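# This is the structure alone, sequence omitted:
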């Protein structure tokens with residue numbers, strides 16, 4: 001096995017490399033720094049050991065020697081070890097020391113570069129580090145050298161004479177002295193300068209000034225400092241996104257969070273995924289579902305009310321021929337999309353994605369065409385969660401359908417860490433995509449810990465919010481993940497207008 005020294009990038013989880021994501025997905029152990037995007041740890045298997053070794057400025061830190069020893073220990077145990085480091089492991093980090101420790105111990109290792117904040121933070125602030133005709137080079141330099149050294153090795157005066165753009169990492173505490181030496185080296189005091197704090201994150205902030213005055217501004221670490229003509233550029237795109245600056249809690253199972261989280265991030269939000277439920281096998285291990293799928297030709301319709309049910313049902317089919325003559329109904333585009341992954345097309349889907357709307361358009365047994373088979377006419381199969389509303393099967397039976405309900409999966413409350421609780425307490429918005437998510441969230445948190453704005457996917461979920469004693473801020477008009485994202489964006493736009 002191998003130890004992988006992996007760069008996690010500057011903060012935006014979308015900037016993680018494909019290689020890094022692949023390695024996290026198969027990691028046995030993740031040894032990680034104080035990451036700007038803690039959600040990256042969710043990419044590792046639930047069974048993976050997670051070990052925090054982050055260094056906290058002016059706070060408790062794990063000595064580098066202990067980190068090296070930990071890497072050697074886990075690596076020598078024949079495990080896939082991911083050493084996850086913010087930014088790039090070889091750019092003003094101690095990845096080289098860790099690689100040397102592994103080499104000395106004879107343990108195989110691989111270095112996976114990450115996107116450095118030296119380039120990413122200026123880009124997200126609308127500052128190109130080079131311009132074709134005026135800034136044809138850039139220099140990246142640390143403003144925080146090894147404190148054990150007796151004197152600095154950075155010749156700031158010489159750097160001032162190189163020309164082009166200067167990008168300074170970890171330089172806030174010495175900003176005034178750095179500016180004085182750059183000016184002494186020949187840079188004009190009026191040279192444009194900018195400080196990008198928390199670059200690439202939804203709480204990114206940018207201060208623009210001049211080289212001589214930047215230190216007088218409210219500049220706080222962590223910052224990427226840019227000095228040069230390019231710092232006057234303001235090609236802003238990141239902060240113009242509709243959810244920039246918003247922290248949004250997504251309360252869905254870990255398996256379901258991806259689509260909504262992706263859409264919210266694309267709109268500029270920092271997403272905090274809270275898997276309030278875990279999807280588990282039914283108590284019978286799926287026996288009833290497998291039996292029903294083996295007899296699926298006996299049914300005229302299969303109704304699927306969730307993406308989870310769709311995945312579980314379709315996975316039991318041999319192929320699409322099993323459904324010859326059987327029609328599929330789905331509630332919601334997410335469910336239809338899950339079926340489409342198995343090349344299965346939905347025959348019936350209501351405009352409003354609730355059971356009541358499906359009942360409004362569902363045919364009666366008498367309306368079956370020649371596709372209905374003698375002895376089996378009027379039969380409906382509903383694979384669903386162990387606990388679900390009884391409205392659909394009850395109403396169909398009253399209309400004359402023979403309905404068989406089988407448990408495709410069950411849900412269980414997820415465990416919530418203290419770190420996650422702390423992050424939720426900082427969020428402005430929480431989204432609920434099901435009534436069970438409301439109930440499971442409140443089973444783990446009291447109502448005082450719910451973010452101020454509560455947004456629901458549809459009327460059933462909205463009613464669960466009200467029944468729980470919470471104030472509903474908005475409800476999606478289209479009961480889908482896209483509709484929920486639009487509702488969040490419209491709420492934020494309305495609140496800021």
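Yep, it's here. Predicted model, so just to flag it, every value in this text is computed and none were measured.

# so where's the stretch 151-300 of the chain shaky on pLDDT?
151-152, 253-257 (pLDDT under 70).

# please redo it, this time with the cut-off set to 90
151-154, 163, 202-203, 251-262, 272-280, 283 (pLDDT under 90).

# Quick one: the helices in it, in order.
Secondary structure of the stretch 151-300 of the chain (DSSP state H, counting those that start in this stretch): helices at 156-162, 175-184, 257-266, 287-294.

# Take those helices and write them to TSV, including mean neighbour count.
Where C-beta positions appear, they are placed from N, C-alpha and C, glycine not excepted. Formatted as TSV, these follow (neighbours: other Cβ atoms under 10 Å):
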stretch	mean neighbour count
helix 156-162	16
helix 175-184	18
helix 257-266	19
helix 287-294	17
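
# Please name whichever of the ones you listed is nearest to residue 47.
Closest approach to residue 47 among the helices of the stretch 151-300 of the chain (Cβ to Cβ): helix 257-266, 18.9 Å.

# who's in contact with the closest one?
In this structure, residues lying in contact with helix 257-266 by Cβ atoms under 8 Å, 6 or more residues apart in numbering are 12-14, 241, 243, 248, 250, 252, 271, 273, 275, 334, 431, 433, 481-482, 484-485, 488.

# Each with direction, which strands does the longest strand out of those in the chain pair with?
The longest strand of the chain (DSSP state E) is strand 402-413. Within its sheet, and counting by DSSP bridges, strand 402-413 is paired with strand 277-280 (antiparallel), strand 379-385 (parallel).

# ranking the ones you listed by burial, who's on top?
Of the strands paired with strand 402-413, the one with the most neighbours on average (mean count of other Cβ atoms under 10 Å) is strand 379-385, at a mean of 22.

# Following that strand in sequence, what is the next regular element?
helix 391-398 (DSSP states H and E).

# Tell me which residues of that next one come out buried.
Within helix 391-398, the residues scored as buried using 16 or more other Cβ atoms under 10 Å are 392, 393, 395, 396.

# re the thing from before, just the buried members of the contacts of helix 257-266?
For the contacts of helix 257-266, a burial check counting by 16+ other Cβ under 10 Å picks out 12-13, 241, 243, 248, 250, 252, 271, 273, 275, 334, 431, 433, 481, 484-485, 488.

# Select from these every entry located in strands.
Among those, the members found in strands (DSSP E) are 248, 250, 271, 273, 431.

# Pick the one among those closest to residue 128.
The nearest member of those to residue 128, counting by Cβ to Cβ, is residue 271 at 27.7 Å.

# contacting residues around that closest one?
Going by Cβ under 8 Å, 6+ apart, residue 271 touches 39, 248, 250, 261, 264, 265.

# How about residue 161?
Each residue near residue 161 by Cβ under 8 Å, 6+ apart is listed here: 185, 186.

# what do you get if the cut-off is 10 Å, keeping everything else the same?
Residue 161 makes contact with 155, 182, 185, 186, 187, according to Cβ atoms under 10 Å, 6 or more residues apart in numbering.

# Neighbours of the fourth one, how many?
Same thing as residue 186. Using other Cβ atoms under 10 Å, residue 186 has 11 other residues around it.

# Does it touch residue 157 like I think?
Yes: between residue 186 and residue 157 there is a contact under Cβ atoms under 10 Å: 7.6 Å.

# Next, count neighbours for the closest residue to residue 221 other than its chain neighbours.
Excluding the flanking residues, the one nearest residue 221 by Cβ to Cβ, 6 or more residues apart in numbering is residue 172, at 4.3 Å. Residue 172: 20 surrounding residues under other Cβ under 10 Å.

# For residue 59, give me the pLDDT.
pLDDT for residue 59: 56.

# what's the answer for the one 4 residues further on, then?
Per-residue confidence at residue 63 stands at 90 (pLDDT).

# how close does it sit to residue 34?
For residue 63, the distance to residue 34 (Cβ to Cβ, to the nearest Å) stands at 15 Å.

# In a helix, residue 303, correct?
No: using DSSP: H, G, I helix; E, B strand; the rest coil, the secondary structure at residue 303 is strand, not a helix.

# thinking again about what came up before, ok, so of the contacts of residue 161, who is nearest residue 293?
residue 182 (70.6 Å).

# Quick check: the closest one vs residue 173, distance?
Computed as Cβ to Cβ, the residue 182 to residue 173 distance reads 16 Å.

# Check residue 78 too.
From residue 78 over to residue 173 the distance is 43 Å, taken as Cβ to Cβ.

# Show me where the stretch 301-450 of the chain has its helices.
Under DSSP H, counting those that start in this stretch, the stretch 301-450 of the chain gives helices at 307-315, 333-340, 355-361, 391-398, 418-425, 435-444.

# Of all those, which one is nearest residue 300?
Minimum separation from residue 300 across the helices of the stretch 301-450 of the chain (Cβ to Cβ) falls at helix 391-398, 11.4 Å.

# and that closest one, what's its mean pLDDT?
For helix 391-398, mean pLDDT is 93.

# Verify the stated contact: residue 490 with residue 474.
Yes: using Cβ under 10 Å, residue 490 makes contact with residue 474 at a distance of 7.0 Å.

# returning to what we had before: thought the residue nearest to residue 221 was touching residue 207?
No: Residue 172 lies out of contact with residue 207 (Cβ under 10 Å); the separation is 11.0 Å.

# list residues touching both of the two?
Common neighbours of residue 172 and residue 207, counting by Cβ under 10 Å, 6+ apart, are 195, 197, 214, 219, 220, 223, 225.

# which one of these sits closest to residue 235?
Nearest to residue 235 among those, with distances taken as Cβ to Cβ, is residue 195, at 17.0 Å.

# so what's the closest one up against?
Listed by Cβ under 10 Å, 6+ apart, the contact set of residue 195 reads 121, 125, 168, 171-172, 175, 205-209, 214-215, 217-221, 223-226, 231.

# Emit the PyMOL select command for whichever of these are buried.
Only the buried entries of the contacts of residue 195 go into this PyMOL selection, using 16+ other Cβ under 10 Å:
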select buried, resi 121+125+168+171+172+175+205+206+207+208+209+214+215+219+223+224+225+226+231
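
# now stretch 273-291, how far from the chain's geometric center?
On the basis of Cα atoms, centre = their mean, to the nearest Å, stretch 273-291 sits 23 Å off its chain's mean C-alpha point.

# try stretch 125-144
So, by Cα atoms, centre = their mean, the centroid of stretch 125-144 is 30 Å from its chain's centroid.

# Ends of that stretch, what's the gap?
Terminal residues of stretch 125-144 are spaced 23 Å apart (Cα to Cα, to the nearest Å).

# could the ones in strands among the buried ones among the contacts of helix 257-266 go into JSON lines alongside distance to residue 135?
Listed next are these as JSON lines, based on distance: Cβ to Cβ, whole Å:
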{"residue": "248", "distance to residue 135": "37"}
{"residue": "250", "distance to residue 135": "40"}
{"residue": "271", "distance to residue 135": "35"}
{"residue": "273", "distance to residue 135": "39"}
{"residue": "431", "distance to residue 135": "43"}
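
# Which strand residues bridge residue 194?
For residue 194, the beta-bridge partners under DSSP bridges are residue 208, residue 226.

# In this model residue 187 seems to touch residue 228, though I could be wrong.
Yes: under the criterion of Cβ under 10 Å, residue 228 makes contact with residue 187 at 8.7 Å.
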